[in-house]
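Q: next one to model:
(one chain, ligands or ions: 1)
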Amino acid sequence: MIRVGVVGGTGYTGVELLRLLLPHPEVEVALVSSRAEAGQRIDEIFPNLRGHTDLCFSLPDTNTLRQLDAVFFATPHGVAMEMAPALLAAGTRVIDLSADFRLSDPSVYQHWYGLAHQCPELLSKAAYGLPELFGPEIARSSLIANPGCYPTAVTLGLAPLLMAGWADSEGLIADCKSGASGAGRSARISLLLTESGDNVAAYGVSGHRHRPEIEETLGRLAGQPIQLQFTPHLMPMIRGIHATLYARLRSPRSNEELQSLFQECYGPEPFVDLLPFGSHPSTRSVRGANICRLAIHQPRPGQVLVLAVIDNLVKGAAGQAIQNLNHSFGLPITAGLEQIALLP
Ligand SMILES: NC(=O)c1ccc[n+]([C@@H]2O[C@H](COP(=O)([O-])OP(=O)(O)OC[C@H]3O[C@@H](n4cnc5c(N)ncnc54)[C@H](OP(=O)(O)O)[C@@H]3O)[C@@H](O)[C@H]2O)c1
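A: Presented below is the predicted three-dimensional model:
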């Protein structure tokens, strides 16, 4: 069994990790941290886990964590980069759900996250944890930067067009909608039911932290810099991301050619589901499942739209982190991740 720890077990991605890790056939959850709830039984705070664990929350003690095989950081940015060097030195693999190791340039990290990077020498060693696109790097690295939730949907949706050189690298648009759990579990007025219910609003239009992450990843895949307008919206729902992605083709392509391009890219991937051309995926179809569901449209020649949906807490966070664990330890990639989405 692979012995794992979760730092930040009381957040939304932390409790989602526990929901998926506790029944995982190859994993033993050995330590779950919370500074605020240390000593409390986990199932007293999260009754959905009753019968699945007798553990209590512990303090995030590096000396204990470094005895484990792998540690997930489900923490705000700034935490993993403080603790990762000691864990990696002890041979413990690190899967970080925060942004600490996603950007290769520490000055870009400092600009968007307001912190000086504490271990910039590790940035080049981190693998970007999008297994469908960076599988070999993930398998080789003991430090995995789990992508952001929006970047997962946007990158999977646009990557085939940019890798093939079919889409213009400028003028890309990602118009995205997210449920409120994307903002985490800490209290904020804008997330009150009375504020976010019965309401839709954009945010971060002039600049959002996920834009440099998406541009860096898609630029790597395209082999040249790309330019993206990323516009996120908060929706009155709990889980889910819907990304409507716009790209201009460099030369004419038929609908069949577009569909084949995506089919070849993702055909064997168990967690990317390409719908028939012209379909309309919905966030409900992926709720609770580690799936990115995609559909392609070409409403007029040369204008391609890709629709991508994920559950932000699963394929956008905890599920993808477990996919990375499976990849890293050579387990079957679907281990612990075969849940069907919840409907209705
Ligand atoms: N929510 C999403 O959909 C989503 C998707 C992808 C990625 N992410 C990223 O995943 C990370 C976690 O997100 P979340 O939404 O689960 O956050 P959250 O709900 O705010 O939870 C944060 C967790 O981190 C712990 N924590 C906070 N400061 C800490 C510190 N200094 N040392 C150790 N533990 C600390 C908290 O527990 P204590 O304070 O009790 O220790 C809590 O358990 C973030 O970096 C976020 O950007 C989130």
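Q: can you list the residues of the protein near the ligand?
A: By Cβ under 6 Å from any ligand atom, the residues of the chain that approach the ligand are 7-14, 34-37, 60, 74-77, 79, 97-98, 148-149, 181-182, 184-186, 312-313, 316-317. All C-beta spots, glycine's among them, are computed from the backbone N, C-alpha and C.
Q: in helices, which of these fall?
A: Counting by DSSP state H, the part of these found in helices is 12-14, 149.
Q: does I95 belong to a helix, a strand or coil?
A: For I95, the reduced secondary structure class is strand; criterion used: DSSP: H, G, I helix; E, B strand; the rest coil.
Q: correct me if wrong: it contacts G129.
A: Yes. Under the criterion of Cβ atoms under 8 Å, I95 is in contact with G129, at a separation of 6.9 Å.
Q: follow-up on the earlier one: widest-spaced pair of the ones in helices among the residues of the chain next to the ligand?
A: Using Cβ to Cβ, these reach their maximum pairwise distance at G14 and C149, which is 14.7 Å.
Q: coming back round to it: drop anything exposed from the residues of the chain next to the ligand.
A: Buried by 16 or more other Cβ atoms under 10 Å: 7-14, 34, 37, 60, 74-75, 77, 79, 97-98, 148-149, 181-182, 184, 312-313, 316-317, out of those.
Q: now, those residues that are in strands?
A: Secondary structure defined by DSSP state E assigns V7 of those to strands.
Q: number of nearby residues for the residue nearest to I2 when sequence neighbours are not counted?
A: Using Cβ to Cβ, 6 or more residues apart in numbering and skipping the chain neighbours, the partner closest in space to I2 is D69 (4.8 Å). A count of neighbours around D69, defined by other Cβ atoms under 10 Å, yields 18.
Q: who's in contact with D69?
A: Neighbour list for D69: 2-4, 92-93, 329 [criterion: Cβ atoms under 8 Å, 6 or more residues apart in numbering].
Q: could you turn the buried ones of the residues you listed into a ChimeraX selection?
A: In ChimeraX, the members of the contacts of D69 classed as buried (16+ other Cβ under 10 Å) are selected with the following command:
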select :2,4,92,93
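Q: just flag the most distant two among the contacts of D69.
A: Using Cβ to Cβ, the contacts of D69 reach their maximum pairwise distance at T92 and F329, which is 12.4 Å.
Q: list residues touching both of the two?
A: Taking Cβ under 8 Å, 6+ apart as the criterion, T92 and F329 both touch 69-70.
Q: overlap in contacts of I95 and G129?
A: Common contacts of I95 and G129, defined by Cβ under 8 Å, 6+ apart, comprise 144, 146, 321, 324.
Q: neighbours around the third one, how many?
A: So the one you mean is A321. Neighbour count of A321, defined by other Cβ under 10 Å: 28.
Q: quick one, strands of the stretch 1-150 of the chain?
A: Secondary structure of the stretch 1-150 of the chain (DSSP state E, counting those that start in this stretch): strands at 2-7, 27-33, 70-73, 93-96, 127-128, 143-145.
Q: in JSON lines, list those strands along with distance to V205 and mean pLDDT.
A: Compiled in JSON lines, the strands of the stretch 1-150 of the chain are given as follows (distance: least, Cβ to Cβ, whole Å; pLDDT from 0 to 100):
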{"stretch": "strand 2-7", "distance to V205": "33", "mean pLDDT": "98"}
{"stretch": "strand 27-33", "distance to V205": "35", "mean pLDDT": "98"}
{"stretch": "strand 70-73", "distance to V205": "29", "mean pLDDT": "98"}
{"stretch": "strand 93-96", "distance to V205": "27", "mean pLDDT": "98"}
{"stretch": "strand 127-128", "distance to V205": "25", "mean pLDDT": "98"}
{"stretch": "strand 143-145", "distance to V205": "26", "mean pLDDT": "98"}
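Q: isn't there a helix covering I340?
A: No. Using three-state DSSP, the secondary structure at I340 is coil, not a helix.
Q: for it, give me its contacts.
A: Applying Cβ under 8 Å, 6+ apart, one finds that I340 lies in contact with A289.
Q: if I pick the closest residue to A84 other than its chain neighbours, what's in contact with it?
A: For A84, ignoring the flanking residues on the chain, the nearest one in space by Cβ to Cβ, 6+ apart is V94 at 4.8 Å. Residues in contact with V94, defined by Cβ under 8 Å, 6+ apart, are 70-71, 73, 80, 84, 87-88, 142-144.
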